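**Student:** output the structure for:
(one chain, ligands or ions: 1)
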Amino acid sequence: MDHHSGDCGLIGVWRGILWLDMALALPVALLVFKSGWTVLRENLPWLVDEMAIDPEVIHRQVMQVPGVINCHSIASRGLLGRQIFIDMHLVVKPTTVEAAHTITEAVEERLETLYGPARISIHIEPHTYESEQITY
Ligand SMILES: [Zn+2]
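**Tutor:** Next up is the predicted model:
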């Protein structure tokens, strides 16, 4: 009988230590998880699909390319200086495919010079198709 109750006491103490361990380990685990998440967010913004560049800044740059009338639906993601993906709709003055293409190349060149390696996808719209309204 004595021996048995002694065992129970030991298990009780052992359980107490386990609970204490968990109570201490949980906040530490949360902290590690949180700081890991912060590091991940800072280094890999494309994973959380953040805007890499302010669309208004891109808009301002693109508008300076000759022949560009408007651009909208601007999105970008990636890591500045390493690899950027930019996506936009471009309204251009000329109606010939060749001239429009020359403008998109000028836009691409300008953005690549500014932001480093970039994959730019431009959706061209003729002048008449869009209103003058600027939307992001
Ligand atoms: Zn559009």
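**Student:** mind checking the pLDDT average for the helix or strand where Ile120 lies?
**Tutor:** According to DSSP states H and E, Ile120 maps onto strand 118-126. In this model, strand 118-126 carries a mean pLDDT of 91.
**Student:** do the same with stretch 71-83
**Tutor:** Mean predicted confidence for stretch 71-83 is 88.
**Student:** returning to what we had before: mind listing what's buried in the strand holding Ile120?
**Tutor:** Judged by neighbour count using 16 or more other CB atoms under 10 Å, the buried positions of strand 118-126 are Ala118, Ile120, Ile122, Glu125. Using the backbone N, CA and C atoms, a C-beta is placed for each residue, glycine as well.
**Student:** got TSV for these, with distance to Val91 too?
**Tutor:** Shown next, in TSV, are these (distance: CB to CB, whole Å):
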residue	distance to Val91
Ala118	20
Ile120	16
Ile122	11
Glu125	5
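**Student:** neighbouring strands - and their directions - for the longest strand that the chain contains?
**Tutor:** Looking across the chain with DSSP state E, the single longest strand is strand 68-79. Strand 68-79 has its sheet partners listed here by DSSP bridges as strand 83-92 (antiparallel).
**Student:** can you tell me what sits against the partner strand?
**Tutor:** The contact list for strand 83-92 (CB atoms under 8 Å, 6 or more residues apart in numbering) reads 46, 52-53, 58, 62, 67-78, 99-100, 103-104, 107, 111, 115-127, 129-130.
**Student:** also stretch 103-122?
**Tutor:** Contacts for stretch 103-122 (CB under 8 Å, 6+ apart): 53, 58, 61-62, 64-68, 78, 80-90, 92-94, 124.
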